[in-house]
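Student: here is the input, now give the coordinates:
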Amino acid sequence: MSAPAITPVFVRLKLSLLRNGLRRSGAQRVAYIASAVIALLFAVLQMVGLIALRGQAHIDALVVLLTAVLGLGWAVMPLFFPSGDETLDPTRLVMLPLRPRPLVRALLAASLVGIGPLFTVCLLAGSAIAVARGGAAYAVGVVAVVLALLVCVAFARAVAAANVRLLSSRKGRDLAVLSGLVIAIGAQVVNFGAQRLGSSGLGELDPVADVVGWLPPASAIGAVHSVSEGSYGVAAAQLALSAAALVVLIAVWSRHLTRLMTSPDGSTLPAAGSAARERTSSGLGRLLPAGRTGTVMERSLRYVWRDPKTKAAWVTSLAIGLIVPVFNAWQGTGSVYFACFAAGMLGIQMYNQFGQDTSAFWIVAMTISSTRDAYVELRARAYALLLITLPYATLVTVVTTAMLGDWRRLPEALGLSFALLGAMLATGAWTSARFPYSIPQEGYKNVAPGQTGLAWISIFGGMIAAAVLCAPVIALTIWLNVSAGGDDWTWLLLPVGAAYAAGLTAAGLRLAAPQTARRLPEILGAVSKG
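Tutor: Coordinates of the predicted model:
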């Protein structure tokens with residue numbers, strides 16, 4: 001007697017998971033339905049827009065690249081959104097007597113149910129219709145859409161199965177938090193790319209599309225265009241590449257699935273060993289000053305490396321601080337003063353210093369018994385931040401200047417960057433003591449409920465104050481650039497900016513220390529709400 005088919009069971013389970021999304025609280029139900037409606041509306045509009053571009057020049061390059069980006073999105077989705085689909089973790093099925101081959105078929109079928117696959121079908125269908133001309137092209141388009149969809153889904157499944165141990169660990173949660181970084185950088189890249197295409201036209205996409213058109217799943221849509229052009233041999237080769245990629249991905253997925261279903265999970269053993277090694281490591285501490293200063297610096301640097309929220313904030317600031325000035329310089333529309341953007345993005349990390357401690361701030365509070373202790377605590381945190389921000393802001397300024405070839409303005413750009421960084425360190429220390437707020441450890445929110453106003457006052461109020469504090473250096477820069485013979489003295493802006501930054505930082509720390517020592521209970525209560 002043959003075993004009953006499990007594919008319908010898994011499809012019904014996936015439908016049940018989607019249906020259970022509607023059985024939440026009223027606000028969650030509204031958010032769930034609204035997000036689904038917006039996603040579908042966007043997909044339909046994208047499909048209509050692609051069909052409207054039918055017959056336009058270079059539309060084939062556009063749809064091929066769009067399909068490639070869509071496939072890349074499916075590949076990285078499990079890494080950055082591991083909780084987006086409960087069925088991505090096959091270890092939940094370990095205790096069931098299931099064989100790999102039927103399980104792969106069932107999971108593949110279940111993966112085709114949901115908003116994501118429907119969104120993908122709309123974009124793929126619009127892309128195929130946009131380049132199809134003739135009955136043969138439409139027939140190949142149907143095959144291409146199905147094949148491209150299966151490649152996307154199999155890609156996501158293979159990546160999830162290969163990294164399931166990572167996704168269930170602390171590093172996996174780090175990746176989930178860093179999804180905001182991917183979105184931020186992607187938005188900048190799309191923005192600059194759209195500007196470049198708007199000025200030069202879609203013709204620049206052709207060389208890239210010629211290469212990408214041979215990479216699955218884009219090769220499936222490229223086959224539709226090839227049939228429309230009468231290149232049936234090329235179309236067959238492109239379809240064969242997508243089909244071969246599907247077979248390989250399913251084989252890789254099946255191999256990882258078999259290993260997961262039959263191998264014991266010993267991931268905690270090496271984790272414990274690495275933790276022991278980390279506890280005995282003191283290489284970082286040996287390079288830092290002795291006493292409280294070195295201890296606080298080491299703790300702050302370890303937060304940057306270990307805490308997911310702190311790491312995400314730092315990586316985002318480092319990336320955006322480099323992308324904006326460098327991309328503008330690359331497009332020929334930038335200025336050396338854009339390099340100050342890096343100092344501004346990194347200076348934000350000084351704000352809400354105690355919020356990253358969360359409820360563990362009580363340990364820090366127990367060690368502060370005087371204004372002097374508070375001053376040393378804040379100064380050490382500023383030193384730790386400067387270890388990263390000072391060389392990085394200098395590097396971004398030098399790279400931007402080199403790309404623009406405006407070496408004469410390098411000293412004043414560095415002076416302005418240092419002045420802005422010093423002003424943000426000063427205001428960040430004061431607002432950390434005066435307007436602390438909690439950072440939730442779970443989820444994507446960076447502010448605890450009810451403390452949004454505090455976060456706005458702390459960050460944006462501090463940024464405005466920092467800009468005002470930089471006014472003397474800005475005024476001096478303007479005066480030297482407009483006055484006769486002032487260009488010969490602009491090099492003075494580098495030492496003046498550095499000295500002004502040091503003075504501002506010292507003054508800000510001195511003003512913030514009494515506030516910190518006086519408000520320890522209030523700070524602890526504010527940062528413990530997350």
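Student: pLDDT-wise, which helix or strand of this structure ranks last?
Tutor: Counting by mean pLDDT, DSSP states H and E, the chain has its least confident helix or strand at helix 268-280, which shows a mean of 44.
Student: what residues of the host helix or strand of residue 392 count as buried?
Tutor: Assigned by DSSP states H and E, residue 392 falls within helix 371-404. Residues of helix 371-404 classed as buried under the neighbour-count rule (16 or more other C-beta atoms under 10 Å) are 373-386, 388-390, 392-394, 396-401, 403-404. All C-beta atoms are positioned from the backbone trio N, CA, C, and that covers glycine.
Student: and whichever helix or strand comes after it, what does it pack onto?
Tutor: Using DSSP H and E, the helix or strand that follows helix 371-404 towards the C-terminus is helix 410-434. Under the contact criterion of 3 or more C-beta pairs under 8 Å, 6 or more residues apart in numbering; DSSP states H and E, helix 410-434 touches helix 340-347, helix 371-404, helix 462-469, helix 471-482, helix 493-518.
Student: mind doing that once more with 6 Å?
Tutor: Judged by 3 or more C-beta pairs under 6 Å, 6 or more residues apart in numbering; DSSP states H and E, helix 410-434 is in contact with helix 340-347, helix 371-404, helix 462-469, helix 493-518.
Student: TSV for those helices, including mean pLDDT and distance to residue 13?
Tutor: Formatted as TSV, the helices and strands packed on helix 410-434 follow (pLDDT from 0 to 100; distance: least, C-beta to C-beta, whole Å):
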stretch	mean pLDDT	distance to residue 13
helix 340-347	89	45
helix 371-404	93	47
helix 462-469	89	49
helix 493-518	94	54
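Student: of the ones you listed, which is nearest residue 37?
Tutor: Among those, the nearest to residue 37 by C-beta to C-beta is helix 340-347 (34.7 Å).
Student: same for that closest one, what does it pack against?
Tutor: Using 3+ C-beta pairs under 6 Å, 6+ apart, helix 340-347 sits against helix 308-330, helix 371-404, helix 410-434.
Student: roughly how far is the last one from the heart of the chain?
Tutor: Remark: helix 410-434 is offset 25 Å from the chain centroid, using C-alpha atoms, centre = their mean, to the nearest Å.
Student: tell me which residues in it are buried?
Tutor: By 16+ other C-beta under 10 Å, the buried positions in helix 410-434 come out as 410-434.
Student: which is the next helix or strand following that helix?
Tutor: The helix or strand immediately downstream of helix 410-434 is helix 452-456, counting by DSSP H and E.
Student: for the record, mean pLDDT for that following helix?
Tutor: Averaged over helix 452-456, pLDDT sits at 77.
Student: still on that earlier bit, tell me what angle the helix holding residue 392 forms with helix 340-347.
Tutor: Put simply, helix 371-404 runs at 150 degrees to helix 340-347, going by axes from the mean of the first three to the mean of the last three C-alpha atoms, to 10 degrees.
Student: run a quick neighbour tally on residue 369.
Tutor: Counted with other C-beta atoms under 10 Å, residues neighbouring residue 369 total 11.
Student: from residue 63, how far out is it?
Tutor: Taking C-beta to C-beta, to the nearest Å as the measure, residue 369 falls 67 Å from residue 63.
Student: same thing with residue 115?
Tutor: In terms of C-beta to C-beta, residue 115 sits 22 Å off from residue 63.
Student: who's more crowded, those two?
Tutor: Shown here are residue 115 and residue 63; by other C-beta under 10 Å, residue 63 has more neighbours (27 against 14).
Student: and residue 481, how many neighbours?
Tutor: A count of neighbours around residue 481, defined by other C-beta under 10 Å, yields 13.
Student: next: residue 471.
Tutor: By other C-beta under 10 Å, 11 other residues sit near residue 471.
Student: can you tell me how far it sits from residue 374?
Tutor: Computed as C-beta to C-beta, the residue 471 to residue 374 distance reads 28 Å.
Student: now for the helices and strands packed on helix 410-434, which one comes closest to residue 355?
Tutor: Ranking the helices and strands packed on helix 410-434 by proximity to residue 355 (C-beta to C-beta) places helix 371-404 first, at 12.1 Å.
Student: show the pLDDT at residue 440.
Tutor: With respect to pLDDT, residue 440 scores 80.
Student: spatially nearest residue to residue 430 (excluding sequence neighbours)?
Tutor: Spatially, and ignoring its direct neighbours in sequence, residue 430 is nearest to residue 512 (4.4 Å; C-beta to C-beta, 6 or more residues apart in numbering).
Student: ok, the one you found touching residue 434?
Tutor: No. Residue 512 is not in contact with residue 434 according to C-beta atoms under 6 Å; the separation is 8.0 Å.
Student: dump the helices and strands packed on helix 410-434 into TSV; add distance to residue 358 as well.
Tutor: Formatted as TSV, the helices and strands packed on helix 410-434 follow (distance: least, C-beta to C-beta, whole Å):
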stretch	distance to residue 358
helix 340-347	22
helix 371-404	15
helix 462-469	21
helix 493-518	17
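Student: out of the ones you listed, which comes closest to residue 210?
Tutor: For residue 210, the closest of the helices and strands packed on helix 410-434 is helix 371-404, at 28.3 Å, according to C-beta to C-beta.
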